[in-house]
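>>> fold the following, please.
(chains A and B)
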Amino acid sequence: MAYSEKVIDHYNNPRNVGSFDKSDPTVGTGMVGAPECGDVMKLQVKVNPATGVIEDAKFKTFGCGSAIASSSLATEWLRGKTVDQALEIKNTDIVNELSLPPVKIHCSVLAEDAIKAAIGDYKKKAAAH
Amino acid sequence: MKLPIYMDNHATTPVDPRVFEAMRPYFTDVFGNAASRNHSFGWQAEEAVEKARKQVGDLIGATAKEIILTSGATESNNLAIKGAADMYAERGNHIITAATEHKAVLDTCKHLEKDGARVTYLPVQQNGLVDLDQLRAAITDKTILVSIMYANNEIGVVQNIREIGKIAKERGVLVHTDGTQAAGKIPVDVTKDNIDMMSISAHKMYGPKGVGALYVRRRNPRVQLTSQMDGGGHERGMRSGTLNVTGIVGLGEACALAKAEMPEESVRMAYLRDKLKDRLLASLDEVYINGTMDSRLPNNLNISFAYVEGESLLMGINDVAVSSGSACTSATLEPSYVLKALGAGDDLAHSSIRFGLGRFNTEEEVDYVSAKVVEVVKKLRELSPLYEMFKEGIDLTKVAWTAH
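This is a model prediction of the structure:
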């Protein structure tokens, strides 16, 4: 199976790899997937509490090239969006941008789930403060 | 050194140029039908086939007459298992095989189950070997056949066929072994190893694709099989169809070369394989070898790089042809059933790579591949949330994952 150029680019030069401190109240962390399924994504957002804008995003992914590319792309898209705008990102947007074949659609679904989990985590923390 | 490097020799091997030269005249000059009994074209073809038949027999300690020529190991496995089930139906309907067999054996057995046969799929131990006590316990008075592969295509583990054969023979049960990966790589002797039927493929030992053989014992006991393809009654009535003379010549030559060069070649394979293994183990932590190293093909290494997914690793070493036991590379979404049968856990199955060294691999290639794999594994672990968690001391088996 051939990978699209964009998938290869994200695989070779993944954007925003890394981790934030999970206990930071301005950080939301989403971890989705399972090792026995062959992919786990950790996606984190760092939000400006005054504006609700995602100022930074980072990821780490265990998974195939398409899973790595989907989460790498997600971090690019998240930066500069408000948390509510971030929730509008759909897996189909990722499929289209990366030209993912049908067998790799689950990678994009996982990325969307990771975004939702990260934002959800941030909102829960913000509400608790 | 030329890129890409081919290191997937359990999938297939290139035709050895010497094999190709032996085959060459049989495409155009000597084109007769080996079954044509009344002219020299047929006689020449028949002579070539009989020479090849003997070369195949010589490799495994069989006589030429015991070699049934087929289209390959899948056909041989089908013929052996279905043919015996048909032929010995009055004696019983129970077959014993193992969980780590090739699909050509497993699916053949499943097919027979639909027709009323009873099949026992023996589990394997963590080292990949069948437990002989479990085999003994599984044999009943209805058992007609034990089919256990000689060497595994994924993990290269070599079963104790000699002992398996002995156990089966003591109970009057026939023994078939899928010898696809073993023949030509390690010494096989069908008599000493107590084998009644053995499947062989040419393209796994530097012969052409589309040709293989089934060894069928002629005495002690004389094994009979119901043919699975009806027609002109070729191959002692067991396998009809005009013989693939060119391919058969290639199979024979491949067997002769394998026999002559095995003592040196197997030592060289083991040296290269061990160098690859040692380099990887020395440079990386959390690396696990799948299947025992104590009873293994000299050219096989199957290894899991924990916290790195197999397909992403293949993508990073894209100038090296190897294969992964991970779901994403195959048509199915399941990780390797062979690795699962070892109890490795799905996570390690997803992280596995199979290296299959071959006659044409060089030490320079092994050096390149080991360095490249180390580099890519390190890069992917930087990306891996699992490796990060492992480094933080988190027990990954205790995490509540969101399975999807």
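>>> surely B:Tyr368 and B:Met7 touch.
No: because the distance of 10.2 Å does not satisfy C-beta atoms under 8 Å, B:Tyr368 is recorded as not touching B:Met7. C-beta: built from backbone N, CA, C; applies to glycine.
>>> could you list every residue that touches A:Gly33?
When contacts are counted by C-beta atoms under 8 Å, 6 or more residues apart in numbering or on different chains, A:Gly33 is found next to A:39-41, A:62-63, A:110, B:401-402, B:404.
>>> ok, 6 Å please
The neighbours of A:Gly33, taking C-beta atoms under 6 Å, 6 or more residues apart in numbering or on different chains as the test, are A:39-41, A:110.
>>> tell me the SS of it?
Applying DSSP: H, G, I helix; E, B strand; the rest coil to A:Gly33 yields a three-state assignment of strand.
>>> any idea what it is bridged to?
Note on A:Gly33: beta-bridge partners by DSSP bridges are A:Val40, B:Thr402.
>>> can you pull the residues of chain A lying near chain B?
For chain A, the residues in contact with chain B (C-beta under 6 Å from any C-beta of the partner chain) are A:11, A:17, A:32, A:34-38, A:40, A:42, A:60, A:62-65.
>>> and the contacts of stretch B:21-39?
When contacts are defined by C-beta under 6 Å, 6+ apart, stretch B:21-39 is touched by residues B:41-42, B:44-46, B:49, B:242-243, B:245-246, B:249-250, B:253.
>>> with stretch B:396-404 instead?
Under the contact criterion C-beta under 6 Å, 6+ apart, stretch B:396-404 has outside partners A:32, A:34, A:37.
>>> re the thing from before, with neighbour count and secondary structure added, can I get the contacts of stretch B:21-39 in TSV?
Shown next, in TSV, are the contacts of stretch B:21-39 (neighbours: other C-beta atoms under 10 Å in any protein chain shown; DSSP: H, G, I helix; E, B strand; the rest coil):
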residue	neighbour count	secondary structure
B:Phe41	15	helix
B:Gly42	15	helix
B:Gln44	19	helix
B:Ala45	24	helix
B:Glu46	18	helix
B:Val49	23	helix
B:Thr242	13	coil
B:Leu243	21	coil
B:Val245	24	helix
B:Thr246	22	helix
B:Val249	27	helix
B:Gly250	28	helix
B:Glu253	25	helix
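>>> as CSV, these with pLDDT and distance to chain A would be great.
Conversion of those to CSV gives the following (pLDDT from 0 to 100; distance: C-beta to the nearest C-beta, whole Å):
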residue, pLDDT, distance to chain A
B:Phe41, 96, 46
B:Gly42, 97, 46
B:Gln44, 97, 46
B:Ala45, 97, 42
B:Glu46, 97, 45
B:Val49, 98, 40
B:Thr242, 96, 37
B:Leu243, 97, 37
B:Val245, 98, 37
B:Thr246, 98, 33
B:Val249, 98, 36
B:Gly250, 98, 31
B:Glu253, 98, 35
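>>> and the closest residue to B:Thr180 other than its chain neighbours, what pLDDT?
Leaving out its chain neighbours, the residue that sits closest to B:Thr180 by C-beta to C-beta, 6 or more residues apart in numbering or on different chains is B:Ala73, at 4.2 Å. Per-residue confidence for B:Ala73 comes out at a pLDDT of 98.
>>> B:Ala73 contacts B:Gly212, correct?
Yes: taking C-beta atoms under 6 Å as the contact criterion, B:Ala73 and B:Gly212 are neighbours in contact, 5.0 Å apart.
>>> coming back round to it: filter the residues of chain A next to chain B down to just the ones in helices.
Within those, residues falling in helices by DSSP state H are A:11, A:65.
>>> separation between the spatially closest residue to A:Val27 that is not a sequence neighbour and chain B?
Among residues not flanking A:Val27 along the chain, A:Phe20 sits closest, at 4.5 Å (C-beta to C-beta, 6+ apart). Between A:Phe20 and chain B the computed distance is 12 Å (C-beta to the nearest C-beta, to the nearest Å).
>>> check contacts around A:Phe20.
By C-beta under 6 Å, 6+ apart, A:Phe20 lies in contact with A:27, A:44, A:46.
>>> doesn't it belong to a strand?
No: with three-state DSSP as the criterion, A:Phe20 is assigned coil and is not in a strand.
>>> follow-up on the earlier one: compare B:Ala73 and B:Gly212 (neighbour count), which wins?
Under the neighbour definition other C-beta atoms under 10 Å in any protein chain shown, B:Ala73 and B:Gly212 were set side by side, and B:Gly212 has more, 30 against 27.
>>> gap between that one and A:Pro102?
Taking C-beta to C-beta, to the nearest Å as the measure, B:Gly212 and A:Pro102 are separated by 35 Å.
>>> do the same with B:Ile96
40 Å.
>>> of those two, give the one with the bigger neighbour count.
The neighbour count for B:Ile96 versus A:Pro102, taken as other C-beta under 10 Å, is higher for B:Ile96 (26 against 7).
>>> and the residue nearest to B:Lys65 when sequence neighbours are not counted, what pLDDT?
The spatially closest residue to B:Lys65, leaving aside those adjacent along the chain, is B:Arg218, at 6.1 Å (C-beta to C-beta, 6+ apart). As summarised for this prediction, B:Arg218 has a pLDDT of 97.
>>> now the one 10 residues further on
Taken from the predicted model, the pLDDT recorded for B:Gln228 is 96.
>>> so B:Arg24 versus B:Met229, what's the distance?
Distance, B:Arg24 to B:Met229, by C-beta to C-beta: 29 Å.
>>> quick one: list the elements packing against the strand or helix carrying B:Ala270.
With elements taken from DSSP states H and E, the one containing B:Ala270 is helix B:245-283. Packing partners of helix B:245-283 (3 or more C-beta pairs under 6 Å, 6 or more residues apart in numbering or on different chains; DSSP states H and E): helix B:17-23, helix B:25-28, helix B:40-60, strand B:300-305, helix B:363-383.
>>> I'd like to know which elements the third one is packed against.
Translated: helix B:40-60. Contacting helix B:40-60 under the criterion 3+ C-beta pairs under 6 Å, 6+ apart are the following elements: strand B:67-70, helix B:245-283.
>>> rerun that using 8 Å as the cut-off
If you count contacts as 3 or more C-beta pairs under 8 Å, 6 or more residues apart in numbering or on different chains; DSSP states H and E, helix B:40-60 packs onto strand B:67-70, strand B:197-201, strand B:212-216, helix B:245-283.
>>> and the shortest one, average pLDDT?
The pLDDT scores in strand B:67-70 average 98.
>>> next up, the contacts around B:Met197.
Shown here is B:Met197, whose contacts under the criterion C-beta under 8 Å, 6+ apart are B:80, B:84, B:174-177, B:214-217, B:223.
>>> leaving out the residues flanking it, which one is nearest to B:Ser227?
Of all residues beyond its chain neighbours, the one nearest B:Ser227 is B:Met238 (5.1 Å), with distances taken as C-beta to C-beta, 6+ apart.
>>> wait, the one you found touches B:Gly83, no?
Yes: counting by C-beta under 8 Å, B:Met238 touches B:Gly83, with 6.9 Å between them.
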